[in-house]
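S.K.: model the following, please.
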Amino acid sequence: MGGTMTIRIGTPAWSTSEGGQRVTADVDGVPVWFESPDLPLVPSAESFASLFLVPAMARGATIFSQAPLDALWLENSRELMAIFHEWWHYPIFAPQAPADAARPASTLPESRARALFFSGGVDSFHGLLSCGEQVELLVFLQGFDIPIHDQPRADAALASLRAIASELGMRSGFVRTNLREHPLLQQAPWERTNGGALASVAHVLAGVAHELLIASSIATSTEEAWGSHWRTDKLFSSSRMELRQVGETHRRMHKIQALAHEPLARRHLRVCWANATATGNCSRCAKCTITRLVLAHAGVLDAFTVFDGSATLARDLDGIRSDKRFQTLDELSRSPRLEPHVRAATRALYKRSVRIHSLPVRVRRALIRKLLEWTRPIGR
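M.R.: Have a look, this model is predicted:
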């Protein structure tokens, strides 16, 4: 390997724990685990190689897996790394592993489900209700947006998942993981590693699902580089697990509009990133407020019981310092369906956002960090 730094991934092992079944591998001396109380998990070298592909590239390192890696995964990884090099100028070092011929014969069941990662957000609700996919299993993850130690919020999200799955006649499952606590994941931007993280969970679910659908967060109409992307998620697939995006041709605004009259979304939609409440949406952060704005444009905001109503919308728009959804803000600031004072607040936010994001990158980042410090939620 020519003196290149090496990230060593131990052979994944299956065990039982208080949380159910668990799959663990040692990565550079730190254990990474996945566990589930209700879904069978399988040890998968591709799981851990997917998870650490971007962190390794960011460090100029090579992955060395002690367990064999699937031939299709290895073939796909070459294309993946080329894309990540194109986006972020990371150096390319091919993953290393023993010959694939050493892999034990597969004992996976022939009948496996098509599953969808489901957070209860706009993208996953749209993937579930508006993309025409035959989904049999919904999978909720703790350890991604909801930390593994944040049990109240996880319990609330899981209760929504169970209720949605029951109403639709589907199975549901729950996976916890400590992956975001690993030092290598903490040193690389989550916006670049989240696609590999989703793939890592998909591969340990190969015993129950043959295909995992990922609701797109980046539309094909944008060239934005992102960890979970319509160009790259499919390339984390192996011969045992296919990953595929859904909804990638739709902008977020159009997804929200498609959900406007869905009773399940009205009762269960969860978009909040600010974590200002113990179990649900804060209604005040940028993500909550822009979602509310689109729903107000659709004339249904007050029907969404998961958010504050329309009375405070203009005030909450004024509380946002900037947002990157320029096209959405520009369009909605002209909407005749919105009250004049809401249109005015939307236009002012659009102008602030354009002004801030036109600054040099270094200055913009420092300003946004300072603004976030000043506006961080401290409770309702």
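S.K.: what's near enough to touch A13?
M.R.: 23-25, 43 (C-beta atoms under 8 Å, 6 or more residues apart in numbering). Glycine gets a C-beta too; all of them are placed from N, C-alpha and C.
S.K.: S217 now?
M.R.: 123, 226, 228, 252.
S.K.: repeat for L168
M.R.: 128, 264.
S.K.: how about the helices in the stretch 1-150 of the chain?
M.R.: 45-58, 71-88, 122-129 (DSSP state H, counting those that start in this stretch).
S.K.: residue contacts, the nearest residue to R180 once chain neighbours are set aside?
M.R.: Once flanking residues are discounted, R180 sits nearest to G143: 6.0 Å by C-beta to C-beta, 6 or more residues apart in numbering. By C-beta under 8 Å, 6+ apart, G143 lies in contact with 176-180.
S.K.: go on, D233?
M.R.: 195, 198-199, 214, 243-245.
S.K.: contact partners for the residue lying closest to Q134 once chain neighbours are set aside?
M.R.: Residue nearest to Q134 in three dimensions, not counting chain neighbours: R114, with 6.3 Å by C-beta to C-beta, 6+ apart. By C-beta under 8 Å, 6+ apart, R114 lies in contact with 133-137, 209-213.
S.K.: between the two ends of stretch 88-108, how far is it?
M.R.: Start-to-end span of stretch 88-108 (C-alpha to C-alpha, to the nearest Å) is 37 Å.
S.K.: I meant to write stretch 14-30 there.
M.R.: Per C-alpha to C-alpha, the first residue of stretch 14-30 is 16 Å away from its last.
S.K.: check stretch 274-292 too.
M.R.: Using C-alpha to C-alpha, the end-to-end distance of stretch 274-292 comes to 15 Å.
S.K.: buried ones in that stretch?
M.R.: Across stretch 274-292, burial judged by 16 or more other C-beta atoms under 10 Å covers 274, 276-277, 280-292.
S.K.: what does stretch 75-84 give?
M.R.: Residues of stretch 75-84 classed as buried by neighbour count (16+ other C-beta under 10 Å): 76-77, 80-81, 84.
S.K.: CA atoms only: put that stretch into CSV for me.
M.R.: This file holds the C-alpha atoms of stretch 75-84, laid out as CSV (Å, rounded to 0.1, in the frame of the first residue of the first chain):
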residue,chain,number,x,y,z
GLU,A,75,-16.5,-2.6,-8.7
ASN,A,76,-19.0,0.1,-7.7
SER,A,77,-16.5,1.6,-5.2
ARG,A,78,-14.2,2.6,-8.1
GLU,A,79,-17.0,4.7,-9.6
LEU,A,80,-18.0,6.1,-6.2
MET,A,81,-14.5,7.3,-5.4
ALA,A,82,-14.2,8.9,-8.8
ILE,A,83,-17.4,11.0,-8.1
PHE,A,84,-16.2,11.9,-4.6
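S.K.: name the nearest residue to Q66, sequence neighbours excluded.
M.R.: Q66's closest residue in space is T11 (C-beta to C-beta, 6+ apart), at 4.8 Å.
S.K.: what's the local residue count around that neighbour?
M.R.: Using other C-beta atoms under 10 Å, the number of residues around T11 comes to 14.
S.K.: so who does it touch?
M.R.: Taking C-beta under 8 Å, 6+ apart, one finds 25, 43, 45, 66-67 in contact with T11.
S.K.: tell me the two of the residues you listed that are most distant?
M.R.: Maximum pairwise distance among the contacts of T11 (C-beta to C-beta): 11.7 Å, between P43 and Q66.
S.K.: okay, the two: which has more neighbours?
M.R.: P43 (20 against 15).
S.K.: from memory the more buried one sits against S15, does it?
M.R.: No: P43 lies out of contact with S15 (C-beta atoms under 8 Å); the separation is 9.7 Å.
S.K.: between these two, what contacts are shared?
M.R.: Counting by C-beta under 8 Å, 6+ apart, the residues touching both P43 and S15 are V23.
S.K.: one step back: L269: which of the helices of the stretch 1-150 of the chain is closest?
M.R.: helix 122-129 (6.2 Å).
S.K.: what's next to that closest one, contact-wise?
M.R.: 116-118, 133, 135, 138, 164, 168, 213-217, 246-247, 250, 252, 255-256, 258-259, 262, 264-265, 268-269, 271, 291.
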